[in-house]
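**Student:** no FASTA, just this:
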RNA sequence: GGCGCUAUCGUCUAACGGUUAGGACGGAGCCCUCUCAAGGCUCAAAUACGGGUUCGAUUCCCGUUAGCGCUACCA
């Protein structure tokens, strides 16, 4: 029975590295008919915030993958404390009365710290007496010292792992306020929730030895482990909001108009490969292809810059997905971005405009810059020189626009009829078709680079086109 | 400092002893073309360094270097 969990701590927005961990867990569960569990690791009351909890839910819901069970660690404190107590009763943990502050001062950087002197071998009687007297203590795991042991496990990604207990310090299980540490809470829950596979970031690889010691002390069988390579910034450092800004937050991608699936697809390609040349994959393909064999062991760079905050490959995948969408679906997705920009548009208008920009936008929000002229009454000011066609002059621009007025006035406003009419007009003027089209394009769009002309005219409608051309003629005076 | 992990084009990666070291993104060029895109074709671009093992190393071993992680009563 496969059971995996994603266990974020709500101390910040949902990080893209966390999102990838979630996705890999999800893929593994779905691939093998397992159960996906969301566990909020909120034992650090000091740093938990409601805002980050919401950010996590927002991000996960946007990803649209879902989960089967959900738990909150803060509601399970008793379980964690009981586990710690049980380990203490077995004498595999001890009370450390060393004041927390003193810790830092006593530990010299550059020296290996294993435990505080004197505390490990305090007699149970004295320990009980001091505890009863109200002295504060942390509960520490009594890591085997003599003889030293090798702690081993098989990582599904990193292979055989081994570490000597001589290199593992007596880590805390309970803080002096009685609250469980991450290690205690995490292991107690993993055991209680019968997690079969722990899939998490490689930053936990060396913690795993401690966790194995905990499982051992409780008598629970260790789950299988799979550690994932870390996501790093182009400067090689771990992604962090402080250093790298909003690019590390999932909601940034959502707000920019990434499609959830394109983003998921991109994240999957970071540190994992299906081992063939497939890159753009559906959710079903990803699920079918996923395995820990395909996971890489080295850190993965997310390729962004100050100028371009998004990895070009993510943008490309998004554009590919946008192009593959049914027009009606894309139109629906685009509408909120148009409205948010303050434009007025309805479903019908969107359905007309969408095919014209579908292969010209990479992110949903690009609709604002690619199709703005469809949604305004008055075009923003533009340079009249733009109206002048290639190898032409002002006079040619005027001639074209003045010819366009009656031609378009008489034309049926459909793609083919407009093309026929305008091509014939260019013949009559003895100029190239391109020289005919450009002044009109700039007159109705306000810029040189725009969607194909005939469809654009059609979507704009006769009245708007004639009005804008008239206006352009005036600016040419 | 100690312990651990990692090292193929700029980036993501494939090649689990024998390949002209493959693909993708991005870049450059050409074609198509009413502009912009999209699409098609082409090009440039990598095995960190030094030793082994082997008939033969990107691949296995050792060392060096570099990067990252852990080394909290954070998670």
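**Tutor:** Everything's here; your move. What you are looking at is a predicted structure, and each value in this text was computed from that prediction instead of being measured.

**Student:** so residue A:320, which of the three states?
**Tutor:** Using DSSP: H, G, I helix; E, B strand; the rest coil, the structure places residue A:320 in helix.

**Student:** hey, where'd the helices end up in the stretch 351-477 of chain A?
**Tutor:** Ranges of helices within the stretch 351-477 of chain A are A:367-370, A:372-375, A:394-410, A:415-429, A:433-445, A:453-460, A:462-476, based on DSSP state H, counting those that start in this stretch.

**Student:** most tightly surrounded among the ones you listed?
**Tutor:** Comparing the helices of the stretch 351-477 of chain A by mean neighbour count (mean count of other C-beta atoms under 10 Å), helix A:433-445 ranks first with a mean of 23. C-beta: built from backbone N, CA, C; applies to glycine.

**Student:** per-residue confidence averaged over it?
**Tutor:** For helix A:433-445, mean pLDDT is 97.

**Student:** which strands and helices sit next to that helix?
**Tutor:** The helices and strands touching helix A:433-445, judged by 3 or more C-beta pairs under 8 Å, 6 or more residues apart in numbering; DSSP states H and E, are helix A:394-410, helix A:415-429, helix A:453-460, helix A:462-476.

**Student:** Go through those helices and name the closest to RNA strand B.
**Tutor:** Taking C-beta to the nearest atom of the strand, helix A:453-460 is the member of those nearest to RNA strand B, at 3.6 Å.

**Student:** Tell me the helices and strands packed up against that closest one.
**Tutor:** helix A:347-357, helix A:372-375, helix A:415-429, helix A:433-445.

**Student:** next one: the last one to chain centre, how far?
**Tutor:** The reference is to helix A:433-445. On the basis of C-alpha atoms, centre = their mean, to the nearest Å, helix A:433-445 sits 41 Å off its chain's mean C-alpha point.

**Student:** what do you get for the third one?
**Tutor:** When distances are taken as C-alpha atoms, centre = their mean, helix A:415-429 is centred 48 Å away from the chain's centroid.

**Student:** Which helix or strand in chain A has the lowest average pLDDT?
**Tutor:** Every helix and strand of chain A was ranked by mean pLDDT, DSSP states H and E. The lowest is helix A:100-106, at a mean of 57.

**Student:** next helix or strand past that one?
**Tutor:** Later in the chain than helix A:100-106, the nearest helix or strand by DSSP states H and E is helix A:124-132.

**Student:** In chain A, mark out all the strands, start to finish.
**Tutor:** Using DSSP state E, the strands of chain A run over A:3-6, A:35-40, A:69-72, A:93-96, A:138-141, A:150-155, A:159-164, A:172-174, A:197-201, A:224-228, A:231-232, A:300-301.

**Student:** Format the helices of the stretch 351-477 of chain A as CSV; extra columns: distance to RNA strand B.
**Tutor:** As requested, the helices of the stretch 351-477 of chain A are arranged in CSV below (distance: least, C-beta to the nearest atom of the strand, whole Å):
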stretch, distance to RNA strand B
helix A:367-370, 8
helix A:372-375, 12
helix A:394-410, 12
helix A:415-429, 7
helix A:433-445, 4
helix A:453-460, 4
helix A:462-476, 14
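
**Student:** Can you add distance to residue A:263 and give those helices back as a markdown table?
**Tutor:** Formatted as a markdown table, the helices of the stretch 351-477 of chain A follow (distance: least, C-beta to C-beta, whole Å):
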| stretch | distance to residue A:263 |
| --- | --- |
| helix A:367-370 | 18 |
| helix A:372-375 | 25 |
| helix A:394-410 | 43 |
| helix A:415-429 | 34 |
| helix A:433-445 | 31 |
| helix A:453-460 | 30 |
| helix A:462-476 | 36 |
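
**Student:** Indicate which one of the helices and strands packed on helix A:433-445 is closest to residue A:123.
**Tutor:** helix A:453-460 (86.2 Å; C-beta to C-beta).

**Student:** distance between stretch A:242-249 and the chain's centre?
**Tutor:** Centroid displacement of stretch A:242-249 relative to its chain, using C-alpha atoms, centre = their mean, is 11 Å.

**Student:** Run through who's touching it.
**Tutor:** The contact list for stretch A:242-249, computed with C-beta atoms under 8 Å, 6 or more residues apart in numbering, reads A:13-17, A:55, A:59, A:233, A:235, A:237, A:239-241, A:252, A:302, A:304, A:309-310.

**Student:** ok, 7 Å please
**Tutor:** Residues from elsewhere that reach stretch A:242-249 (C-beta atoms under 7 Å, 6 or more residues apart in numbering): A:13, A:14, A:15, A:16, A:233, A:237, A:239, A:240, A:241, A:252, A:304, A:309.

**Student:** Over to stretch A:158-175?
**Tutor:** With C-beta under 7 Å, 6+ apart, stretch A:158-175 has contacts from A:81, A:84, A:87, A:93, A:113-115, A:120, A:138-145, A:148-155, A:180-181, A:183-184, A:205, A:209-210, A:227, A:297.

**Student:** Mind listing what's buried along that stretch?
**Tutor:** For stretch A:158-175, the neighbour count (16 or more other C-beta atoms under 10 Å) marks A:158, A:161, A:163, A:165, A:168, A:170, A:171, A:172, A:173, A:174, A:175 as buried.

**Student:** of the residues you listed, list those near RNA strand B.
**Tutor:** Among the buried residues of stretch A:158-175, the residues within reach of RNA strand B (C-beta under 7 Å from any atom of the strand) are A:158, A:161, A:163, A:171, A:172, A:175.

**Student:** Format the contacts of stretch A:242-249 as CSV; extra columns: distance to RNA strand B.
**Tutor:** Output for the contacts of stretch A:242-249, formatted as CSV (distance: C-beta to the nearest atom of the strand, whole Å):
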residue, distance to RNA strand B
A:13, 14
A:14, 13
A:15, 11
A:16, 13
A:233, 9
A:237, 5
A:239, 9
A:240, 9
A:241, 14
A:252, 18
A:304, 9
A:309, 14
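
**Student:** which of the residues you listed sit farthest apart?
**Tutor:** A:14 and A:237 (19.7 Å).

**Student:** more neighbours, those two?
**Tutor:** Regarding residue A:14 and residue A:237, a neighbour count based on other C-beta atoms under 10 Å identifies residue A:14 as having more, with 25 against 10.

**Student:** wait, what's in contact with the more buried one?
**Tutor:** Shown here is residue A:14, whose contacts under the criterion C-beta under 7 Å, 6+ apart are A:8, A:55, A:56, A:59, A:60, A:249, A:250.

**Student:** switch the cut-off to 6 Å
**Tutor:** With contact set as C-beta atoms under 6 Å, 6 or more residues apart in numbering, residue A:14 has these partners: A:55, A:56, A:59, A:250.

**Student:** Name the member of those residues with the most neighbours.
**Tutor:** Neighbour counts for the contacts of residue A:14 (other C-beta under 10 Å) peak at residue A:250, which has 27 neighbours.

**Student:** okay, it: pLDDT?
**Tutor:** Looking at residue A:250, its pLDDT stands at 96.

**Student:** now residue A:141
**Tutor:** Looking at residue A:141, its pLDDT stands at 98.

**Student:** gap between it and RNA strand B?
**Tutor:** Distance, residue A:141 to RNA strand B, using C-beta to the nearest atom of the strand, to the nearest Å: 11 Å.

**Student:** Count the residues that sit near the residue of the stretch 251-400 of chain A found nearest RNA strand B.
**Tutor:** Proximity of the stretch 251-400 of chain A to RNA strand B (C-beta to the nearest atom of the strand) peaks at residue A:298, 2.7 Å away. The number of residues packed near residue A:298 is 10, by other C-beta under 10 Å.
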